[in-house]
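I would like to see how this sequence folds:
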Amino acid sequence: MKFDLIHTDSNSKARAGVLTTGHGEIMTPIFMPVGTVGSVKGVQIPHLKNDIKAQIILGNTYHLYLRPGLDTLEKAGGLHKFNAWDRPILTDSGGFQVFSLKDIRKMSEEGVEFRSHIDGSKHFFSPERVMDIERSIGADIIMAFDECTPGTADYDYARKSMERTHRWLDRCIGRLKETEPKYGYEQQLFPIVQGCVYPDLRRQSAEFIASKEAAGNAIGGLAVGEPAEKMYEMIEVVNEILPTDKPRYLMGVGTPANILEAIERGVDMFDCVMPTRNGRNAMLFTKHGIMNMRNEKWKYDFSPIEEDGASFVDTLYSKAYLRHLFIAQELLALEIASIHNLAFYVWLTQEARKHILADDYAAWKKNMLQEVTRRL
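Model (predicted):
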């Protein structure tokens, strides 16, 4: 795996690069659709490839470990073969999911004991076990096992949590050195910067993570309850320290505005469930604003969903038809909205890339921010 930084915008810290993996190249900045259980909800692989133009998707260690399970994934030859996706995959370590099971998990220095949300069965994740699971899933990029600190955590808790994440990272690295990829291609670990909303902790964590000289680095523990401006401040603090010649991944973020702001601050990779989750609830993100497709105003609007949209569904179907599908609770509504929103998110990051290369990102972003935050 290698990352080539192609250009940095002269009026901001926005970057364009190419990340090369065993399953192909990724043009950054990039948005990565979330395929938690091995599928992006409501979207088939051909649509992901040809219509949405996704270059990389995510899987989740916690969910894939529970279902379909490691035996199935290993017998299939890994997640790429299991779900017929032959481009890069990143796996989240499951840390966020495990720690969100607040009432049915116990945490210790060794790891986390938790009960399955499916059947209540008991399981244990240690840093070493998570690395073994991610090896079996077969992602190109595997995330370190960390503790995702709530955005409202006090300083003492945030510090102890960060320090534990650092100790766990050393164990993750040690385990990967002892093992080999299972399917004949390279797997690279991305460590995760924590530290909540405290600048000194974020600096300390970024310095520790940078010292590991990993193939890429992630920023975690943001968009978990803190104000957006505090999130942007933490990104700036961290990106002053993380190496410029490695990709930077902001985990679980966010709105189109969040993505544009983070790109301006030097972030390269993004994921979020918002495009599909909000799409299933009739919210469409477009180049000219946000639409609630259940609104009465679209009832007789037979114009395309988006005249200059990023996906084939935008010109194929009308606003009135999509509204009808939502009101009638037709499953097709969820599919159309998911395809549209994902295509828009991927388009937004690739359009940002064009303007970074043209060296006018800051000016373009200012205008685009006004458009994508408007309510239609």
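
quick check: residue 136 touching residue 70?
Yes. When contacts are counted by C-beta atoms under 8 Å, residue 136 is listed as touching residue 70 (4.6 Å). Using the backbone N, CA and C atoms, a C-beta is placed for each residue, glycine as well.

and those two? Which one has more around it.
Counted by other C-beta atoms under 10 Å, residue 136 and residue 70 do not tie: residue 136 has more neighbours, with 20 against 14.

which strands and helices sit next to the helix or strand encompassing the more buried one?
Secondary-structure element containing residue 136, defined by DSSP states H and E: helix 127-137. Contact analysis of helix 127-137 by 3 or more C-beta pairs under 8 Å, 6 or more residues apart in numbering; DSSP states H and E lists helix 61-66, helix 70-76, strand 89-92, strand 141-143, helix 155-178 as its packing neighbours.

which parts of it are buried?
For helix 127-137, the neighbour count (16 or more other C-beta atoms under 10 Å) marks 127, 128, 129, 130, 131, 132, 133, 134, 135, 136, 137 as buried.

do I have it right that residue 264 meets residue 15?
No. Counting by C-beta under 8 Å, residue 264 does not reach residue 15; the two are 10.1 Å apart.

check contacts around residue 13.
Each residue near residue 13 by C-beta atoms under 8 Å, 6 or more residues apart in numbering is listed here: 239, 264, 265, 266.

just the pLDDT for it.
Note on residue 13: pLDDT of 98.

part of a helix, is it?
No. Judged by DSSP: H, G, I helix; E, B strand; the rest coil, residue 13 forms no part of a helix; its state is coil.

next, it: phi, psi?
Backbone torsions for residue 13, taken as degrees, to the nearest 10, come to phi -100, psi 10.

any idea how far it lies from residue 262?
Here residue 13 is placed at a distance of 10 Å from residue 262 (C-beta to C-beta, to the nearest Å).

what do you get for residue 207?
For residue 207, the distance to residue 262 - C-beta to C-beta - is 21 Å.

show me which of those two is the more surrounded one.
Using other C-beta under 10 Å, the more surrounded residue of residue 207 and residue 262 is residue 262, with 27 against 13.

show me what contacts that one?
232, 235, 250, 253, 254, 270.

do that again at 6 Å, thanks
Listed by C-beta atoms under 6 Å, 6 or more residues apart in numbering, the contact set of residue 262 reads 235, 250.

just the CA trace of the helix or strand bottoming out on mean pLDDT in the chain, in CSV.
When each helix and strand of the chain is scored by mean pLDDT, DSSP states H and E, helix 95-100 comes last, with a mean of 75. Taking C-alpha atoms only, helix 95-100 is exported to CSV below (Å, rounded to 0.1, in the frame of the first residue of the first chain):
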residue,chain,number,x,y,z
GLY,A,95,-14.8,-0.6,19.0
PHE,A,96,-17.6,1.9,18.5
GLN,A,97,-20.2,-0.8,18.4
VAL,A,98,-18.9,-2.6,21.5
PHE,A,99,-18.6,0.5,23.6
SER,A,100,-22.1,1.6,22.6
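
and the helix holding residue 136, how far from the chain's centre?
19 Å (C-alpha atoms, centre = their mean, to the nearest Å).

got the angle for that helix vs helix 155-178?
Counting by axes from the mean of the first three to the mean of the last three C-alpha atoms, to 10 degrees, helix 127-137 lies at 50 degrees to helix 155-178.

mean confidence for helix 127-137?
Throughout helix 127-137, pLDDT has a mean value of 98.

mind listing residues that contact it?
Residues outside helix 127-137 that contact it (C-beta under 6 Å, 6+ apart): 61, 64-65, 70, 73-74, 79, 91, 93, 142, 145, 168, 171-172, 175-176, 179, 182.

quick check: the residue positioned nearest the centre of the chain vs residue 357, distance?
Nearest to the mean C-alpha position of the chain, by C-alpha atoms, centre = their mean, lies residue 271 at 1.9 Å. Taking C-beta to C-beta as the measure, residue 271 falls 23 Å from residue 357.
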